[in-house]
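>>> below is the sequence, then the predicted model.
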Amino acid sequence: MIMDHLKEALMRLENKGRLRSLSSAQGVDFTSNDYLGFATHPELVKAGELFFSQGGAVGSAASRLLHGYMDEHFQLEAYAADYFEAPASLFFSTGFQANMALMSALAQRGDAIIFDSLIHASSRDGIQASLAKHYRAAHNDLNAYEEALKKAREAVKGQLWVAVEAVYSMDGDDAPLDELYTLCQHYGATLIIDEAHGVGVCGATGKGVSEALVKTHGYDGIICVHTCGKALGAAGGLVCASKSVIEYLVNTARGFIYTTAPMPIQAHMVRCALELLQTPQGQRQRQKLFSNCAALKTHLGGLGSHIVPVVIGEDQCAVNISDFMRDRGYDVRAIRPPTVPHGSARLRVSLNADLSVEEINGFCDALSEARSVIEGKAA
Ligand SMILES: Cc1ncc(COP(=O)(O)O)c(C=O)c1O
(Lines give C-alpha, C1' and ligand atoms only; values in the text may rest on other atoms or scores of the structure.)
Protein backbone atom coordinates (compact mmCIF):
# COMPACT_ATOMS: atom_id res chain seq x y z
CA MET A 1 0.00 0.00 0.00
CA ILE A 2 2.69 2.45 1.04
CA MET A 3 4.72 1.44 -2.00
CA ASP A 4 1.73 2.15 -4.27
CA HIS A 5 1.41 5.56 -2.70
CA LEU A 6 5.07 6.31 -3.37
CA LYS A 7 4.86 4.98 -6.91
CA GLU A 8 1.88 7.25 -7.58
CA ALA A 9 3.78 10.25 -6.23
CA LEU A 10 6.72 9.40 -8.51
CA MET A 11 4.37 9.03 -11.46
CA ARG A 12 2.92 12.48 -10.75
CA LEU A 13 6.44 13.93 -10.77
CA GLU A 14 7.19 12.16 -14.04
CA ASN A 15 4.00 13.49 -15.63
CA LYS A 16 5.05 17.01 -14.66
CA GLY A 17 8.54 16.51 -16.15
CA ARG A 18 10.03 16.71 -12.63
CA LEU A 19 11.21 13.20 -11.95
CA ARG A 20 14.87 13.33 -10.95
CA SER A 21 17.39 10.56 -11.41
CA LEU A 22 21.07 10.21 -10.72
CA SER A 23 23.45 10.59 -13.61
CA SER A 24 27.20 10.61 -13.18
CA ALA A 25 29.47 13.45 -14.23
CA GLN A 26 30.30 13.27 -17.91
CA GLY A 27 31.49 15.77 -20.48
CA VAL A 28 33.08 19.18 -20.04
CA ASP A 29 32.08 20.54 -16.64
CA PHE A 30 29.69 23.50 -16.85
CA THR A 31 27.75 22.40 -13.81
CA SER A 32 29.84 21.74 -10.70
CA ASN A 33 30.69 24.18 -7.92
CA ASP A 34 34.39 23.44 -8.21
CA TYR A 35 34.94 27.04 -9.27
CA LEU A 36 38.71 27.09 -8.70
CA GLY A 37 39.47 23.52 -9.76
CA PHE A 38 40.55 22.75 -6.18
CA ALA A 39 38.64 19.42 -6.04
CA THR A 40 41.37 17.81 -8.14
CA HIS A 41 44.20 20.31 -7.64
CA PRO A 42 47.59 18.50 -7.62
CA GLU A 43 48.78 20.39 -4.50
CA LEU A 44 45.71 19.28 -2.55
CA VAL A 45 45.90 15.70 -3.84
CA LYS A 46 49.53 15.64 -2.65
CA ALA A 47 48.54 17.03 0.75
CA GLY A 48 45.92 14.28 1.11
CA GLU A 49 48.41 11.55 0.23
CA LEU A 50 50.90 12.94 2.72
CA PHE A 51 48.25 13.05 5.45
CA PHE A 52 47.69 9.29 5.35
CA SER A 53 51.30 8.38 4.64
CA GLN A 54 52.22 10.20 7.87
CA GLY A 55 49.73 8.17 9.91
CA GLY A 56 46.58 10.29 9.76
CA ALA A 57 43.46 8.56 11.11
CA VAL A 58 40.54 7.71 8.82
CA GLY A 59 37.67 8.41 11.15
CA SER A 60 37.03 10.58 14.17
CA ALA A 61 34.97 7.82 15.81
CA ALA A 62 32.72 9.97 17.99
CA SER A 63 30.90 13.27 18.35
CA ARG A 64 33.00 16.42 18.76
CA LEU A 65 31.83 16.77 22.37
CA LEU A 66 33.03 13.27 23.16
CA HIS A 67 36.10 11.44 21.83
CA GLY A 68 35.80 12.90 18.31
CA TYR A 69 37.51 16.28 18.78
CA MET A 70 40.80 15.79 16.96
CA ASP A 71 43.80 17.98 16.43
CA GLU A 72 42.82 18.57 12.76
CA HIS A 73 39.48 20.11 13.85
CA PHE A 74 41.21 22.34 16.35
CA GLN A 75 43.84 23.38 13.78
CA LEU A 76 41.25 24.19 11.12
CA GLU A 77 39.00 26.20 13.42
CA ALA A 78 41.90 28.26 14.73
CA TYR A 79 43.20 28.78 11.18
CA ALA A 80 39.77 29.71 9.79
CA ALA A 81 39.04 32.16 12.60
CA ASP A 82 42.33 33.87 11.90
CA TYR A 83 41.87 33.84 8.11
CA PHE A 84 38.28 35.14 8.20
CA GLU A 85 39.20 37.61 10.97
CA ALA A 86 36.54 36.12 13.24
CA PRO A 87 36.65 35.74 17.03
CA ALA A 88 35.89 32.01 16.59
CA SER A 89 34.79 29.39 14.08
CA LEU A 90 33.10 25.99 14.19
CA PHE A 91 33.39 23.20 11.61
CA PHE A 92 30.45 21.03 10.53
CA SER A 93 30.47 18.00 8.19
CA THR A 94 28.49 19.83 5.49
CA GLY A 95 27.26 23.30 4.72
CA PHE A 96 23.72 21.93 4.86
CA GLN A 97 24.27 20.78 8.42
CA ALA A 98 25.86 24.11 9.40
CA ASN A 99 22.91 26.15 8.10
CA MET A 100 20.34 23.79 9.52
CA ALA A 101 22.05 23.77 12.93
CA LEU A 102 22.55 27.52 12.96
CA MET A 103 18.97 28.49 12.16
CA SER A 104 17.33 25.91 14.35
CA ALA A 105 19.59 26.48 17.37
CA LEU A 106 19.99 30.25 17.39
CA ALA A 107 16.47 31.40 16.60
CA GLN A 108 14.24 30.53 19.54
CA ARG A 109 10.61 30.85 20.52
CA GLY A 110 9.95 34.59 20.89
CA ASP A 111 12.48 35.45 18.14
CA ALA A 112 11.84 36.11 14.45
CA ILE A 113 13.78 35.20 11.31
CA ILE A 114 13.47 37.20 8.11
CA PHE A 115 14.72 35.27 5.11
CA ASP A 116 15.16 35.91 1.41
CA SER A 117 12.60 34.20 -0.83
CA LEU A 118 15.42 32.48 -2.77
CA ILE A 119 17.39 31.22 0.19
CA HIS A 120 18.79 27.68 0.07
CA ALA A 121 16.88 24.61 1.30
CA SER A 122 19.36 24.09 4.16
CA SER A 123 18.49 27.46 5.69
CA ARG A 124 14.79 26.96 4.95
CA ASP A 125 14.78 23.62 6.72
CA GLY A 126 16.60 25.11 9.70
CA ILE A 127 14.10 27.98 9.83
CA GLN A 128 11.25 25.49 9.62
CA ALA A 129 12.71 23.52 12.51
CA SER A 130 13.14 26.64 14.65
CA LEU A 131 10.43 27.79 17.05
CA ALA A 132 10.88 31.40 15.96
CA LYS A 133 8.33 33.25 13.83
CA HIS A 134 9.46 33.66 10.25
CA TYR A 135 8.94 36.21 7.53
CA ARG A 136 9.81 35.87 3.85
CA ALA A 137 11.19 38.91 2.03
CA ALA A 138 11.03 39.24 -1.76
CA HIS A 139 14.42 38.48 -3.28
CA ASN A 140 16.98 41.25 -2.62
CA ASP A 141 14.16 43.78 -2.14
CA LEU A 142 15.28 46.15 0.61
CA ASN A 143 11.78 47.58 1.06
CA ALA A 144 10.43 44.07 1.59
CA TYR A 145 13.17 43.39 4.16
CA GLU A 146 12.36 46.61 6.00
CA GLU A 147 8.65 45.80 5.96
CA ALA A 148 9.33 42.32 7.34
CA LEU A 149 11.69 43.68 10.01
CA LYS A 150 9.04 46.20 11.14
CA LYS A 151 6.38 43.48 11.34
CA ALA A 152 8.73 41.16 13.19
CA ARG A 153 9.76 43.88 15.65
CA GLU A 154 6.11 44.51 16.48
CA ALA A 155 5.30 40.79 16.74
CA VAL A 156 8.09 39.50 18.97
CA LYS A 157 10.09 40.68 21.93
CA GLY A 158 13.13 38.47 21.29
CA GLN A 159 16.01 38.54 18.82
CA LEU A 160 15.67 39.29 15.11
CA TRP A 161 17.72 37.31 12.58
CA VAL A 162 18.05 38.01 8.86
CA ALA A 163 19.20 35.13 6.65
CA VAL A 164 20.64 35.76 3.18
CA GLU A 165 23.01 34.20 0.66
CA ALA A 166 26.10 36.14 -0.36
CA VAL A 167 25.78 34.86 -3.96
CA TYR A 168 22.46 33.21 -4.80
CA SER A 169 23.04 29.64 -5.86
CA MET A 170 20.62 29.47 -8.77
CA ASP A 171 20.80 33.07 -10.01
CA GLY A 172 24.39 34.15 -9.43
CA ASP A 173 23.48 37.58 -8.07
CA ASP A 174 24.89 39.03 -4.83
CA ALA A 175 22.91 40.15 -1.80
CA PRO A 176 23.21 43.91 -1.10
CA LEU A 177 25.13 43.20 2.10
CA ASP A 178 26.03 46.79 3.06
CA GLU A 179 22.44 47.96 2.85
CA LEU A 180 21.14 44.85 4.60
CA TYR A 181 23.66 45.31 7.41
CA THR A 182 22.57 48.94 7.87
CA LEU A 183 18.93 47.84 8.03
CA CYS A 184 19.78 45.09 10.49
CA GLN A 185 21.63 47.53 12.72
CA HIS A 186 18.65 49.88 12.66
CA TYR A 187 16.29 47.12 13.84
CA GLY A 188 18.77 45.41 16.14
CA ALA A 189 18.90 42.28 13.96
CA THR A 190 21.78 39.89 13.32
CA LEU A 191 22.69 39.29 9.67
CA ILE A 192 23.43 35.65 8.81
CA ILE A 193 25.33 35.39 5.53
CA ASP A 194 25.64 32.07 3.71
CA GLU A 195 28.86 32.40 1.70
CA ALA A 196 28.46 29.00 0.01
CA HIS A 197 29.03 30.42 -3.49
CA GLY A 198 31.05 33.47 -2.46
CA VAL A 199 33.92 32.04 -0.48
CA GLY A 200 37.07 31.42 -2.50
CA VAL A 201 35.75 33.54 -5.36
CA CYS A 202 34.39 36.92 -4.22
CA GLY A 203 35.80 39.75 -2.15
CA ALA A 204 39.17 41.43 -2.59
CA THR A 205 41.12 38.26 -1.80
CA GLY A 206 38.50 35.50 -1.97
CA LYS A 207 37.15 35.56 1.59
CA GLY A 208 33.66 36.08 0.19
CA VAL A 209 31.26 38.89 -0.65
CA SER A 210 31.27 39.77 3.07
CA GLU A 211 35.05 40.34 3.12
CA ALA A 212 34.86 44.16 3.18
CA LEU A 213 31.82 44.25 5.48
CA VAL A 214 33.51 42.05 8.05
CA LYS A 215 36.75 44.01 7.81
CA THR A 216 34.84 47.18 8.67
CA HIS A 217 32.41 45.90 11.31
CA GLY A 218 33.86 42.66 12.64
CA TYR A 219 31.34 40.02 13.72
CA ASP A 220 29.19 42.25 15.85
CA GLY A 221 25.74 41.53 14.40
CA ILE A 222 27.17 39.32 11.63
CA ILE A 223 27.48 35.54 11.30
CA CYS A 224 29.05 33.95 8.20
CA VAL A 225 28.78 30.38 6.97
CA HIS A 226 31.58 29.35 4.61
CA THR A 227 30.83 26.06 2.96
CA CYS A 228 33.90 24.08 1.96
CA GLY A 229 32.62 21.78 -0.80
CA LYS A 230 32.41 24.37 -3.56
CA ALA A 231 35.31 26.70 -4.43
CA LEU A 232 37.39 25.18 -1.62
CA GLY A 233 37.11 21.79 -3.30
CA ALA A 234 36.67 19.75 -0.10
CA ALA A 235 33.53 19.43 2.08
CA GLY A 236 32.08 20.91 5.25
CA GLY A 237 30.73 24.14 6.64
CA LEU A 238 32.58 26.70 8.75
CA VAL A 239 30.52 29.04 10.89
CA CYS A 240 32.45 32.23 11.72
CA ALA A 241 31.03 34.36 14.50
CA SER A 242 31.50 35.87 17.94
CA LYS A 243 32.81 33.59 20.71
CA SER A 244 29.42 33.50 22.41
CA VAL A 245 27.61 32.40 19.21
CA ILE A 246 30.11 29.57 18.72
CA GLU A 247 29.93 28.50 22.36
CA TYR A 248 26.14 28.52 22.15
CA LEU A 249 26.23 26.31 19.05
CA VAL A 250 28.61 23.86 20.73
CA ASN A 251 26.12 23.57 23.57
CA THR A 252 22.84 23.51 21.68
CA ALA A 253 23.17 22.80 17.94
CA ARG A 254 21.78 19.33 17.41
CA GLY A 255 23.56 18.97 14.04
CA PHE A 256 26.84 19.52 15.87
CA ILE A 257 26.21 17.49 19.01
CA TYR A 258 24.39 14.39 17.81
CA THR A 259 26.64 13.35 14.96
CA THR A 260 30.06 11.87 14.39
CA ALA A 261 32.72 14.56 13.95
CA PRO A 262 33.93 15.17 10.37
CA MET A 263 36.75 12.89 9.20
CA PRO A 264 40.05 14.44 10.27
CA ILE A 265 41.28 14.49 6.68
CA GLN A 266 38.27 16.62 5.79
CA ALA A 267 39.32 19.30 8.27
CA HIS A 268 42.92 18.96 7.10
CA MET A 269 41.98 19.36 3.42
CA VAL A 270 39.89 22.47 4.13
CA ARG A 271 42.84 24.06 5.91
CA CYS A 272 45.13 23.16 2.97
CA ALA A 273 42.56 24.67 0.55
CA LEU A 274 42.48 27.93 2.53
CA GLU A 275 46.28 27.99 2.44
CA LEU A 276 46.32 27.29 -1.30
CA LEU A 277 43.82 30.06 -1.92
CA GLN A 278 46.30 32.59 -0.53
CA THR A 279 49.22 31.51 -2.71
CA PRO A 280 49.96 33.04 -6.14
CA GLN A 281 48.73 29.71 -7.61
CA GLY A 282 45.39 30.02 -5.82
CA GLN A 283 44.97 33.66 -6.79
CA ARG A 284 45.85 32.78 -10.42
CA GLN A 285 42.94 30.31 -10.40
CA ARG A 286 40.64 33.13 -9.24
CA GLN A 287 41.88 35.38 -12.05
CA LYS A 288 41.34 32.59 -14.59
CA LEU A 289 37.82 32.12 -13.29
CA PHE A 290 37.14 35.85 -13.66
CA SER A 291 38.39 35.87 -17.25
CA ASN A 292 36.18 32.85 -18.00
CA CYS A 293 33.23 34.77 -16.53
CA ALA A 294 34.02 37.67 -18.88
CA ALA A 295 34.27 35.27 -21.85
CA LEU A 296 30.87 33.68 -21.12
CA LYS A 297 29.32 37.11 -20.60
CA THR A 298 30.19 38.08 -24.17
CA HIS A 299 27.89 35.24 -25.31
CA LEU A 300 25.15 35.07 -22.71
CA GLY A 301 25.17 38.58 -21.21
CA GLY A 302 24.05 38.80 -17.59
CA LEU A 303 26.01 39.77 -14.54
CA GLY A 304 29.36 38.18 -15.36
CA SER A 305 29.03 35.91 -12.33
CA HIS A 306 30.45 32.38 -12.07
CA ILE A 307 26.81 31.16 -11.88
CA VAL A 308 24.69 31.99 -14.91
CA PRO A 309 21.02 31.01 -15.08
CA VAL A 310 19.73 30.30 -18.58
CA VAL A 311 16.03 30.39 -17.82
CA ILE A 312 13.99 28.16 -20.12
CA GLY A 313 10.66 28.17 -18.29
CA GLU A 314 9.12 24.81 -19.09
CA ASP A 315 10.49 21.88 -17.07
CA GLN A 316 10.72 19.20 -19.75
CA CYS A 317 12.17 21.65 -22.24
CA ALA A 318 15.02 22.44 -19.82
CA VAL A 319 15.68 18.71 -19.43
CA ASN A 320 15.69 18.20 -23.20
CA ILE A 321 18.23 20.98 -23.67
CA SER A 322 20.42 19.52 -20.93
CA ASP A 323 20.24 16.09 -22.66
CA PHE A 324 21.14 17.67 -25.99
CA MET A 325 24.16 19.34 -24.37
CA ARG A 326 25.25 16.06 -22.79
CA ASP A 327 25.16 14.40 -26.21
CA ARG A 328 27.42 17.19 -27.45
CA GLY A 329 29.90 16.51 -24.66
CA TYR A 330 28.91 19.23 -22.15
CA ASP A 331 27.69 18.63 -18.61
CA VAL A 332 25.11 21.28 -17.72
CA ARG A 333 22.10 20.34 -15.64
CA ALA A 334 18.46 21.33 -15.75
CA ILE A 335 17.20 22.78 -12.47
CA ARG A 336 13.46 22.51 -11.96
CA PRO A 337 10.94 23.46 -9.29
CA PRO A 338 10.86 23.21 -6.32
CA THR A 339 14.58 24.11 -6.39
CA VAL A 340 13.70 27.19 -8.47
CA PRO A 341 10.34 29.03 -8.67
CA HIS A 342 7.59 27.53 -10.82
CA GLY A 343 7.83 28.48 -14.48
CA SER A 344 11.57 29.24 -14.22
CA ALA A 345 13.17 25.86 -14.97
CA ARG A 346 16.65 26.59 -16.17
CA LEU A 347 20.09 25.45 -17.04
CA ARG A 348 22.38 26.48 -14.22
CA VAL A 349 25.62 27.21 -16.01
CA SER A 350 28.57 27.36 -13.65
CA LEU A 351 32.11 28.20 -14.60
CA ASN A 352 35.43 27.00 -13.31
CA ALA A 353 39.00 28.20 -13.68
CA ASP A 354 40.13 25.15 -15.67
CA LEU A 355 37.82 25.76 -18.64
CA SER A 356 39.45 27.13 -21.79
CA VAL A 357 37.98 29.95 -23.88
CA GLU A 358 37.60 27.39 -26.72
CA GLU A 359 35.48 25.20 -24.45
CA ILE A 360 33.34 28.18 -23.47
CA ASN A 361 32.86 29.17 -27.12
CA GLY A 362 32.01 25.57 -28.06
CA PHE A 363 29.55 25.34 -25.18
CA CYS A 364 27.78 28.54 -26.23
CA ASP A 365 27.54 27.40 -29.88
CA ALA A 366 26.04 24.08 -28.78
CA LEU A 367 23.62 25.85 -26.43
CA SER A 368 22.48 28.13 -29.21
CA GLU A 369 21.87 25.12 -31.43
CA ALA A 370 20.07 23.25 -28.64
CA ARG A 371 17.73 26.15 -28.04
CA SER A 372 16.94 26.62 -31.69
CA VAL A 373 16.27 22.88 -32.17
CA ILE A 374 14.28 22.38 -28.97
CA GLU A 375 12.68 25.75 -28.30
CA GLY A 376 12.86 27.23 -31.76
CA LYS A 377 14.94 30.14 -30.47
CA ALA A 378 18.62 31.11 -30.37
CA ALA A 379 20.47 31.46 -27.01
C1 LIG B 1 23.59 28.43 -0.89
C2 LIG B 1 23.94 27.09 -0.35
N3 LIG B 1 24.06 26.95 0.98
C4 LIG B 1 24.39 25.77 1.53
C5 LIG B 1 24.59 24.66 0.75
C6 LIG B 1 24.92 23.36 1.40
O7 LIG B 1 26.29 23.18 1.38
P8 LIG B 1 26.93 21.71 1.33
O9 LIG B 1 26.89 21.29 -0.10
O10 LIG B 1 28.29 21.90 1.88
O11 LIG B 1 26.09 20.84 2.20
C12 LIG B 1 24.48 24.76 -0.64
C13 LIG B 1 24.69 23.55 -1.48
O14 LIG B 1 24.24 23.40 -2.55
C15 LIG B 1 24.15 26.00 -1.20
O16 LIG B 1 24.03 26.16 -2.53
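Done, it's in.
>>> what sits against the nearest residue to Tyr168 once chain neighbours are set aside?
Excluding the flanking residues, the one nearest Tyr168 by C-beta to C-beta, 6 or more residues apart in numbering is Leu118, at 5.3 Å. Where C-beta positions appear, they are placed from N, C-alpha and C, glycine not excepted. Residues in contact with Leu118 (C-beta atoms under 8 Å, 6 or more residues apart in numbering) are His139, Glu165, Tyr168, Met170, Asp171.
>>> what's the neighbour count on Glu43?
By the criterion of other C-beta atoms under 10 Å, Glu43 has 15 neighbours.
>>> again, but for Ala138
As a burial measure, Ala138 scores 14 neighbours (other C-beta under 10 Å).
>>> so Lys16 sits against Asp315, correct?
Yes. With contact defined as C-beta atoms under 8 Å, Lys16 and Asp315 form a contacting pair (6.5 Å).
>>> contact residues of the stretch 51-200 of the chain facing the ligand?
The interface of the stretch 51-200 of the chain toward the ligand, taken as C-beta under 6 Å from any ligand atom, is made up of Thr94, Gly95, Phe96, Asn99, His120, Ser122, Glu165, Ser169, Asp194, Ala196, His197.
>>> buried sites along stretch 112-126?
When burial is assessed from 16 or more other C-beta atoms under 10 Å, stretch 112-126 yields the following buried residues: Ala112, Ile113, Ile114, Phe115, Asp116, Leu118, Ile119, His120, Ser122, Ser123, Arg124, Gly126.
>>> can you give me phi and psi for the second one?
The phi/psi pair for Ile113 (degrees, to the nearest 10) reads phi -120, psi 130.
>>> and for the fourth one?
Backbone dihedrals for Phe115, given as degrees, to the nearest 10, come out at phi -130, psi 150.
>>> check which helix or strand the closest residue to it other than its chain neighbours maps to.
Residue nearest to Phe115 in three dimensions, not counting chain neighbours: Ala163, with 4.3 Å by C-beta to C-beta, 6+ apart. Secondary-structure assignment from DSSP states H and E places Ala163 in strand 160-165.
>>> on contacts alone, who are the packing partners of the next helix or strand after that strand?
In the C-terminal direction, the helix or strand that comes right after strand 160-165 (DSSP H and E) is helix 177-187. In this structure, helix 177-187 packs against helix 142-155, strand 160-165, strand 189-194, helix 211-217, with contacts taken as 3 or more C-beta pairs under 8 Å, 6 or more residues apart in numbering; DSSP states H and E.
>>> what does the second one contact?
In this structure, residues lying in contact with strand 160-165 by C-beta under 8 Å, 6+ apart are 103, 106-107, 111-116, 118-120, 123, 127, 132, 145, 149, 152-153, 175, 177, 180, 183-184, 187-194, 196-197.
>>> read off the pLDDT value for the closest residue to Gly37 other than its chain neighbours.
When the adjacent residues along the chain are set aside, Gly37 lies closest to Asp354, with 4.2 Å between them (C-beta to C-beta, 6+ apart). Listed pLDDT for Asp354 reads 98.
>>> same check, this time on Glu375
The per-residue confidence score, pLDDT, reads 86 for Glu375.
>>> closest residue of this protein to the ligand?
Among all residues of the chain, Gly95 sits closest to the ligand, at 2.5 Å; criterion: C-beta to the nearest ligand atom.
>>> count of neighbours near that residue?
Residue crowding around Gly95 was assessed by other C-beta under 10 Å; the count is 26.
>>> in helices only, show me the residues of the stretch 51-200 of the chain next to the ligand.
Gly95, Phe96, Asn99, Ser122 (DSSP state H).
>>> any idea which of those residues is closest to Thr31?
Proximity of these to Thr31 was ranked by C-beta to C-beta; the top entry is Gly95 with 17.8 Å.
>>> the helices in the stretch 251-379 of the chain, which residues?
254-257, 264-278, 280-300, 315-327, 357-374 (DSSP state H, counting those that start in this stretch).
>>> next, see if the first one gets close to the ligand.
Going back to what we said before, that points to helix 254-257. No. Legend: contact between helix 254-257 and the ligand by C-beta under 6 Å from any ligand atom is lacking; minimum distance shown is 11.0 Å.
>>> show me what counts as buried in that helix.
Residues of helix 254-257 classed as buried by neighbour count (16+ other C-beta under 10 Å): Gly255, Phe256, Ile257.
>>> quick one: contacts for the second one?
When you say that, I think you mean Phe256. Taking C-beta under 8 Å, 6+ apart as the criterion, Phe256 is in contact with Arg64, Leu90, Phe92, Gln97, Ala101, Leu249, Val250.
>>> try 7 Å this time
By C-beta atoms under 7 Å, 6 or more residues apart in numbering, the contact list for Phe256 reads Arg64, Leu90, Phe92, Ala101, Leu249, Val250.
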